[in-house]
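> sequence first, then the predicted structure, then my questions.
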Amino acid sequence: MPRLDHLASDASPVSVSQAGLIRLNGPARAIALDVLRVNSLQTGAYVSHFRGRGMEFDESRPYQPGDDPRSIDWRVTARSTTAYTKLFREERERPVLVMTDLRSNMHFATRGCFKSVNASRAAALISWAAHHRGDRLGGIVFGDTTHRELKPRLGRRAALRYVHQLVEHPDWPNSKSDRVEPPLGTENKSDPFEQAMSSLRRVARPGSLVVVISDFIGFSRAAQSYLSSVARHNEVLAVFLNDAIERQLPPPGRYRIVSPSDELAIDTYSNAARRDYEHEFEERSLELETFCHRYGIHLMPMSTEDDPVATLQTALGRRTH
């Protein structure tokens, strides 16, 4: 993996360290969480704006010419002879929920670093950016065996807590952490992605910024239903991790693929097989893009070769103050 200025020269392409994720605190200061400029997968560039901090109801007062009719307080109006309108005030801080996928399919790459490594770096950057903006930070870190929820909190400790959970999560390969067994009665009720999305729907407070960082493998109808429900009342950013070999097979030949527990040989000589392989990824990507467009979810692709700092600064904009 090429060296990046914000990473140590010995940064691992297959794992993350607490010190490495803490070092991203500095670059995160330049990342804005207000403006989104995302290159979509198929349809080119578009610009949209986060709704920003949530708005909180303050009081009602008599309706005045020029007030937005959509803000009429119908409950108070029904009890009075005159129309009343709702007044809102800006919340002091906005919840930011970061959901990071550390399932076994994320611990993979043929170039750059593991998808899980770039996902963790992106999650740490957003966590630090939320801290610098004064937002409350929480979220979910999940894998094949362990699911951890963090309630939104303010301050540097909230970002450090999230970073710690990323590093110490037991679903990293060769992790020495103690595995946390799921609560009694929850085993095998759903796959980990569906379970995480279900939890996200339960904990996401309306007006939050929700960031889902995953390769979206196994994005089932049930998981889609949960995320679409979250998107109805929250701003959602989907960071789509992928590796070059998922998009296109290597040049014709025979290749050996090795994992800690298995070894596989693949033959890429067949033109038909190559076309089918590429078409399958294109279909999955288009399905995700269509889903995000339908529910107003911002979609940001990120490859295993991308620098997450530069990618997030480009997509989310740079802070100007």
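All right, it came through fine.

> what's the neighbour count on S261?
Number of residues near S261 (other Cβ atoms under 10 Å) recorded here: 6. C-beta: built from backbone N, CA, C; applies to glycine.

> what ranges does the stretch 101-250 of the chain have for its helices?
Shown for the stretch 101-250 of the chain, the helices assigned by DSSP state H, counting those that start in this stretch span residues 115-133, 156-168, 192-203, 221-231, 244-247.

> most tightly packed of those helices?
Highest mean neighbour count among those (mean count of other Cβ atoms under 10 Å): helix 115-133, with a mean of 26.

> can you name the residues bridging to V258?
E263 (DSSP bridges).

> contacts only, for the spatially most central residue of the chain.
Among the residues of the chain, the one closest to the centroid is V212, at 2.2 Å (Cα atoms, centre = their mean). Counting by Cβ atoms under 8 Å, 6 or more residues apart in numbering, V212 touches 99, 101, 200, 227, 236-239.

> how about JSON lines for these, with distance to T268 and pLDDT added?
Converted to JSON lines, the contacts of V212 look like this (distance: Cβ to Cβ, whole Å; pLDDT from 0 to 100):
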{"residue": "M99", "distance to T268": "34", "pLDDT": "98"}
{"residue": "D101", "distance to T268": "27", "pLDDT": "98"}
{"residue": "L200", "distance to T268": "37", "pLDDT": "97"}
{"residue": "L227", "distance to T268": "34", "pLDDT": "97"}
{"residue": "V236", "distance to T268": "36", "pLDDT": "93"}
{"residue": "L237", "distance to T268": "34", "pLDDT": "93"}
{"residue": "A238", "distance to T268": "30", "pLDDT": "95"}
{"residue": "V239", "distance to T268": "29", "pLDDT": "96"}
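
> ok, which stretches of the stretch 201-321 of the chain are strands?
209-214, 235-242, 254-258, 263-267, 298-303 (DSSP state E, counting those that start in this stretch).

> in CSV: the ones you listed, plus distance to S127.
Formatted as CSV, the strands of the stretch 201-321 of the chain follow (distance: least, Cβ to Cβ, whole Å):
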stretch, distance to S127
strand 209-214, 9
strand 235-242, 13
strand 254-258, 33
strand 263-267, 36
strand 298-303, 16
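
> for those strands, which one ends up most surrounded?
strand 209-214 (a mean of 26).

> give the partner strands of it in its sheet and their orientations.
Per DSSP bridges, strand 209-214 is paired in its sheet with strand 95-101 (parallel), strand 235-242 (parallel).

> among the strands of the stretch 201-321 of the chain, which comes closest to Q64?
For the strands of the stretch 201-321 of the chain, proximity to Q64 was assessed by Cβ to Cβ; strand 235-242 is nearest, at 30.2 Å.

> I'd like the distance from the closest one to the chain centre, please.
5 Å (Cα atoms, centre = their mean, to the nearest Å).

> which residues does it contact?
36, 41, 50-51, 101, 106, 115, 118-119, 122, 208-216, 227, 230, 281, 285, 288, 292, 295-304.

> try it again at 7 Å.
Identification of contacts with strand 235-242 by Cβ atoms under 7 Å, 6 or more residues apart in numbering yields 36, 50-51, 106, 115, 118-119, 122, 209-216, 230, 288, 292, 297-303.

> kindly report the same for stretch 247-256.
For stretch 247-256, the external contacting residues (Cβ under 7 Å, 6+ apart) are 263, 265-269, 274, 277-278, 281.

> can you give me the strands for the stretch 1-150 of the chain?
Listed in chain order, the strands of the stretch 1-150 of the chain (DSSP E, counting those that start in this stretch) span 35-39, 45-49, 55-62, 84-90, 95-101, 136-142, 147-153.

> quick check: A223 vs G143, distance?
Counting by Cβ to Cβ, to the nearest Å, the separation of A223 from G143 is 15 Å.

> H169 now?
6 Å.

> repeat for P252
35 Å.

> neighbour count winner among these two?
G143 (23 against 11).

> for the contacts of stretch 247-256, which one is nearest P62?
P62 lies nearest to F281 out of the contacts of stretch 247-256, by Cβ to Cβ, at 58.3 Å.

> right, and G138 touches K151 too?
Yes. G138 lies in contact with K151 (Cβ atoms under 7 Å); the separation is 5.1 Å.

> more crowded one of these two?
Using other Cβ under 10 Å as the criterion, G138 and K151 rank with G138 on top: 22 against 13.

> and the more buried one, bridged to which residues?
With DSSP bridges as the rule, G138 is bridged to L97.

> can you check the one 4 residues further on too?
Residues in a beta bridge with F142, per DSSP bridges, are D101, H147.

> hmm, G112 is touching M302, no?
No. Contact criterion Cβ under 7 Å: G112 and M302 do not qualify, at 10.2 Å.
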